[in-house]
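*Asks:* Give the three-dimensional model of this entry:
(2 chains)
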Amino acid sequence: MADRENVVFVDGARTPFARAKSLYAETRADDLVVKVIRELLRRNPNLPPEKIDDVAIAAATQTGDQGMNIGRSVALLSGLPSSVPGYSIDRWCAGAMTAVTTLSSAIMAGAYDLAIAGGVEHMTHHPMGEGIDPNPRYLSERLVDPEAMLMGKTAENLHDRFPHLSKERCDYFALASQEKTAKAYANGLIQPDLVPVAARSSEAGVTLVTEDESPRPGTSLEGLATLKTPFRPHGRVTAGNASGLSDGATAAILANEKVADQLGLTKKMRMVSFAFAGVEPEVMGVGPVPSTEKALAKAGLSIKDIDLFEINEAFAIQVLALLDHFGIADDDPRVNPMGGAIAVGHPLASSGIRLMANLARDFVTNPNAKYGITTMCIGLGMGGTIIWENLQGSAN
Amino acid sequence: MSNSDQDALANPNEVVTQARVRYLDMPLGAGTMALITLDNGKDHTRPSTFGPQGLASINAALDEIDGTPGVAAIAVTGKPFIFAVGADLSALEMVNDPTIIAAFGKLGHNVMRRFGEMKIPTFAFVNGAAMGGGLELALHCDYRSVSADAAALSLPEVFLGIIPGWGGAWLLPNLIGPQNALEVIISNSMSQNRQMKPQDALRLGVMDVVFAPADFLEQSILWAAQVVRGDITVPRPDIDRTTWDAIVEGYRAQVDARVHNATRAPYVALDLVAAAKTNSRSEGFDAEDAALTELVMSDPVRASLYSFDLVQRRAKKPTGVPDKSLARPVNKVGIVGAGLMASQLALLFARQLMVPVVMTDLDQTRVDKGVAYVHGEIDKLAAKGRVSSDKANRLKALVTGSTSKDGFADADFVIEAVFEQMDVKKKVFAEVEAVVTPECVLATNTSSLSVSDMARGLKHPERVVGFHFFNPVAIMPLLEIARAEKTDDSSLATAFAVGKGLKKSCVLVADAPAFVVNRLLNRFLGEIIACVDEGASFADADSAVHKLGLPMEPFVLVQMVGPAVAQHVAETLNGHYPDRFHVSAKMGELVSQGIGGVWQWDDNGNKTLDPRVAAIFGDAPSTMTPDEILQRALVAVEEEARLMLAEGVVSEPQDLDLCMILGAGWPFWLGGITPYLDREGISQTPFLPRGVASVPA
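*Replies:* Numbers count the residues shown, from 1 in each chain, chains lettered A, B, ... in the order given. So this is what the prediction gives:
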């Protein structure tokens, strides 16, 4: 890449993810982000809040408690000085990832020194597709298959394209996701980046949410095999090999590396390159393939240089499509070592930063790892990839 | 308590506050916390209160927690913005059996004290308003956090005529010492029920820690975990028990100077705090039960609760007022006059309505002085940080002055505050009417002249209303709005909308001389001055009212108002009702000599009679006792109140009482005035049925 400033990932955290219509039903989306930002500020006391150049918060549905320019709104609600600006970002599932790349671009250009990126999706308050109004041209000109608007159907379409990526392989991957998540919890690897949320239920009272609600540690292959395929009769995509509808928020601190050094901020990862790429919307799950190719090319790296992968598990089939493309085994230990969205859930626009926080943690667990990838598929046919360099490893 | 007590206490209208329990893992591996949420199922406009069923729900929650193994801490919090605001007093309104009051007090104690007697630490996470029994519940807990946005924190019982009766009078002094406890229980309560800000509560030791609202509960739970683990030790003050009695007696002297034994509550509270020095917890709580029962079974306390209801409810929903939809918008205000009263009005209108305000007066010097006064007051507000500099600029730009009334042309509401003389006021209204639109409301701040007479001769008398403020207008909450003979509904509705916009409590009164407060107050004062004319001493006349606990002695009040003004009002009322309103020739002499009042104060605050006054009135020994003076004054007030109701000055005794509480500052325990007249047997026939402002039969 051309001359530019280096961007470092200082810290990232998230709320525990709750199942939709459950623990956070009476908690506001903006409040979820606020709690994460405040915790990040507390645990990074060297970060002077007034020096934050911008706050970018993503949400796929930007209305109600995710509206009112949620970026600026949560900056104010978090108690940041009113001099700190904020804006909102939308790229559906890759919202938080795009908040990171957009702010990073400004840091690379030297425009910004410090920024907060984040994402939130309260799928209870904002069910997928809320308020959408697709242009009739999609239909009349056959621009996009109507099935492209339903993510589960695009996952079924992916099975059609890659018949050798069977339902059994998907279920096996899903089971592994549950097991890896359970193990990561048992080893205390996930909890450090969770910000507890006091959630009220007017019926039951207030409780403290300290862990993800979705994981099903007792999952078995036999159990998975019996699940219904809601998107197609006799299909392959089930609630067991896909991520569940969830409520949650994430946020991260990004910095110009020199500024991070001056302030004494932690530096967990350095951004190497990023890319987004489009594919046919009806097979949106394959999006990470071209975006990863592009990001690797920009970085001058090959897939063999990558030591760790954090791939969003919107659907098991979409992860397998990426691994298959690069010739990586379904159960490669470098992939999602702490499990993924199939177990913990996928509050759309928030998930990108969960991947990064996980990767930062993976880098600690794997000090010899040098490069890692965070990648995810995006509705309406896209993929996004960021390549990161480990700053917590043995080389440093 | 027995089942029969429970049945007797049962209130079918109780809005039950439920205690909901959840178990959660505290951070830092501190173990399981049982978190109780108090929630009455309504939004914050109906705060959670405690009735018998609500207390039973808390008790059941604690029973459940007690039976749950492995709980390391108990915490209690509230619904959004509200912790809890204490006893549901409506449950007591119709109770006339002291055993039931005592049972209610004991029930509260027995439930709440469990928070202080658990084997595991207990925490109150005071997320919002905590008053009375709500704050007492928090005090029973071992530790307390408070949200930085908690809007109301207080023990308002003494303000209501009772005492903190669910542990507060014993717990608080033993927690923070008698000095700080009495600041909360006595000083705040007797200063118009002043609320603590969270930082005040922290400073006094009522609260242990303040957290920001954004993640108040999360941080409170983390703090609790650290306390449970021993990472944090919450400091408690060493209480000096040797100075305890002296502190209580110091407060007693202050209370005496204020209320002269006219109300029992502060004295009973002082006794309880005094006894808390040595009382055990149980002794302290028993003493609270006994004291509360005695007080609630007394008429003055029922009158206090009646008064509280008047200012809380009736003041916000005035009776007999035309529908607010008839009100016309008011986007510009004119004020005739630029004197002190007019300037105060200009400031009030500009601040509260945020519309242009034009003041006029006869010459430029007076206009400039008036505008300068308003601008100066706005600058003072800005200097104190009460308004921002942008807001101050906005307010100052709103207030202008002129010697011409042309600026009223597009005004929607013009109020006159010129000299209290009919021909002057009529001339002013005629001049204003020549300029304004036919719909513009013309309001008069007269205190004693006939509004209907003032409107007579105008082309549009239907837009004239009486709009009577009390001094100082920024502080006194009452506004008497008078309907004149021809006032139409739309103009009256507009006047009430403006009054509400000014954040005043408005009472509809008939266009009768001096309306309510000045008429009753001057009948009262006139009778006392008559006693002095007949040979009572000024000292006896002043001390005569101590029994009522009025905010000011009569001749101190006259001195504050100014004898000339007082005499002018007396003469005006005497002109209307020569048989009943006394005019003192000797007071007239005092005024003509330009004497500012009867009393002189030395540097130590001791008052002595001005020798010039003694020369006018004579200095012979008093011929009447204070009780005799008071009796005469009250008989006169009773007659006047009765006549006013018969004349329809207001529709109900409640409005007389509300006016006296808000306009004259007469205390809650008098119930304004009619409950006192009833209970003292002065009323010829009772103003109110038994039970409305007294213990039911």
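*Asks:* Now the closest residue to chain A within the stretch 551-697 of chain B: phi and psi?
*Replies:* Nearest residue of the stretch 551-697 of chain B to chain A, counting by C-beta to the nearest C-beta: B:Phe668, 35.5 Å away. From N, CA and C alone the C-beta is placed, and that goes for glycine too. Phi and psi for B:Phe668, reported as degrees, to the nearest 10, are phi -50, psi -40.
*Asks:* contacting residues for it?
*Replies:* When contacts are counted by C-beta atoms under 8 Å, 6 or more residues apart in numbering or on different chains, B:Phe668 touches B:Phe159, B:Leu160, B:Gly161, B:Ala303, B:Ser304, B:Ser307, B:Phe308, B:Ile661.
*Asks:* could you redo the last one with a cut-off of 6 Å?
*Replies:* B:Ser304, B:Ser307 (C-beta atoms under 6 Å, 6 or more residues apart in numbering or on different chains).
*Asks:* and what of the one 4 residues further on?
*Replies:* If a contact means C-beta under 6 Å, 6+ apart, then B:Gly672 has B:Asp657, B:Met660, B:Ile661, B:Trp666 as its contacts.
*Asks:* Now it: closest residue in space, sequence neighbours ignored.
*Replies:* Closest residue to B:Gly672 apart from its sequence neighbours, by C-beta to C-beta, 6 or more residues apart in numbering or on different chains: B:Asp657 at 2.5 Å.
*Asks:* Could you identify which of the contacts of B:Gly672 has the most neighbours?
*Replies:* Using other C-beta atoms under 10 Å in any protein chain shown as the neighbour criterion, B:Asp657 leads the contacts of B:Gly672 with 30 neighbours.
*Asks:* do you know how far the residue nearest to B:Gly672 is from B:Arg314?
*Replies:* From B:Asp657 over to B:Arg314 the distance is 9 Å, taken as C-beta to C-beta, to the nearest Å.
*Asks:* Same check on A:Pro217?
*Replies:* Remark: distance between A:Pro217 and B:Arg314 (C-beta to C-beta) = 61 Å.
*Asks:* More neighbours: which of these two?
*Replies:* Between A:Pro217 and B:Arg314, B:Arg314 has the larger neighbour count (other C-beta under 10 Å), namely 17 against 12.
*Asks:* how far away is the more buried one from B:Leu508?
*Replies:* Between B:Arg314 and B:Leu508 the computed distance is 11 Å (C-beta to C-beta).
*Asks:* Quick check: the residue of the stretch 551-697 of chain B closest to chain A vs B:Val158, distance?
*Replies:* B:Phe668 is 10 Å from B:Val158, by C-beta to C-beta.
*Asks:* okay, now B:Gly597: neighbour count?
*Replies:* Using other C-beta under 10 Å, B:Gly597 is surrounded by 20 other residues.
*Asks:* what kind of secondary structure is it in?
*Replies:* For B:Gly597, the assignment made with DSSP: H, G, I helix; E, B strand; the rest coil gives coil.
*Asks:* do A:Leu308 as well
*Replies:* Classified using three-state DSSP, A:Leu308 is strand.
*Asks:* Once you drop chain neighbours, what's closest to it?
*Replies:* Sequence neighbours aside, A:Gly372 is the residue nearest to A:Leu308 in space, at 3.8 Å (criterion: C-beta to C-beta, 6+ apart).
*Asks:* And the one you found, how close does it get to chain B?
*Replies:* Distance of A:Gly372 to chain B, given as C-beta to the nearest C-beta, to the nearest Å: 29 Å.
*Asks:* Confirm that residue sits in a helix?
*Replies:* No: under three-state DSSP, A:Gly372 sits outside any helix and is assigned strand.
*Asks:* Please look at it and A:Leu301 and confirm they touch.
*Replies:* No: at 11.2 Å, A:Gly372 does not count as touching A:Leu301 under the criterion of C-beta atoms under 6 Å.
*Asks:* which SSE is the residue nearest to A:Ala225 when sequence neighbours are not counted in?
*Replies:* Excluding the flanking residues, the one nearest A:Ala225 by C-beta to C-beta, 6+ apart is A:Asp171, at 6.4 Å. Here A:Asp171 sits within helix A:167-186, counting by DSSP states H and E.
*Asks:* helices or strands up against that helix?
*Replies:* Contact analysis of helix A:167-186 by 3 or more C-beta pairs under 6 Å, 6 or more residues apart in numbering or on different chains; DSSP states H and E lists helix A:221-225, helix A:316-326, helix A:341-344 as its packing neighbours.
*Asks:* The last one: what's the following helix or strand?
*Replies:* This points to helix A:341-344. The first helix or strand that comes after helix A:341-344 along the chain, using DSSP H and E, is helix A:351-365.
*Asks:* Spatially central, which residue of chain B would that be?
*Replies:* Centroid-nearest residue in chain B: B:Gln192, 5.0 Å away (criterion: C-alpha atoms, centre = their mean).
*Asks:* pLDDT value on that residue, please?
*Replies:* Listed pLDDT for B:Gln192 reads 90.
*Asks:* do B:Ala91 as well
*Replies:* Looking at B:Ala91, its pLDDT is 72.
*Asks:* how about the helices and strands packed on helix A:167-186, which one is nearest A:Gly240?
*Replies:* Closest to A:Gly240 of the helices and strands packed on helix A:167-186 is helix A:221-225 (C-beta to C-beta; 4.3 Å).
*Asks:* got the angle between the helix or strand following the closest one and helix A:351-365?
*Replies:* Next along the chain after helix A:221-225, taking DSSP H and E as the criterion, comes strand A:246-256. Calculated by axes from the mean of the first three to the mean of the last three C-alpha atoms, to 10 degrees, strand A:246-256 forms an angle of 60 degrees with helix A:351-365.
*Asks:* so what does strand A:246-256 touch, helix or strand wise?
*Replies:* strand A:7-14, helix A:29-43, helix A:95-108, strand A:114-122, helix A:351-365.
*Asks:* hmm, try it at 8 Å
*Replies:* strand A:7-14, strand A:18-19, helix A:29-43, helix A:95-108, strand A:114-122, helix A:351-365 (3 or more C-beta pairs under 8 Å, 6 or more residues apart in numbering or on different chains; DSSP states H and E).
*Asks:* Redo these as TSV? Include distance to B:Ala495, mean neighbour count and mean pLDDT.
*Replies:* Putting the helices and strands packed on strand A:246-256 into TSV (distance: least, C-beta to C-beta, whole Å; neighbours: other C-beta atoms under 10 Å in any protein chain shown; pLDDT from 0 to 100) gives the following:
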stretch	distance to B:Ala495	mean neighbour count	mean pLDDT
strand A:7-14	57	27	98
strand A:18-19	54	22	98
helix A:29-43	42	24	98
helix A:95-108	54	26	98
strand A:114-122	47	32	98
helix A:351-365	58	26	98
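*Asks:* B:Ala566 is nearest to which of the ones you listed?
*Replies:* Within those, the stretch nearest B:Ala566 is helix A:29-43; the backing value is 58.4 Å (C-beta to C-beta).
*Asks:* Using PDB, write out the CA atom coordinates for whatever helix or strand comes next after the closest one.
*Replies:* Helices and strands here follow DSSP H and E; after helix A:29-43, the next one along the chain is strand A:54-58. What follows is strand A:54-58, C-alpha atoms only, in PDB (Å, rounded to 0.1, in the frame of the first residue of the first chain):
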ATOM      1  CA  ASP A  54     -15.300  10.700  15.600                       C
ATOM      2  CA  VAL A  55     -17.800   8.000  16.600                       C
ATOM      3  CA  ALA A  56     -19.300   5.800  13.900                       C
ATOM      4  CA  ILE A  57     -22.100   3.400  14.900                       C
ATOM      5  CA  ALA A  58     -23.700   0.900  12.600                       C
END
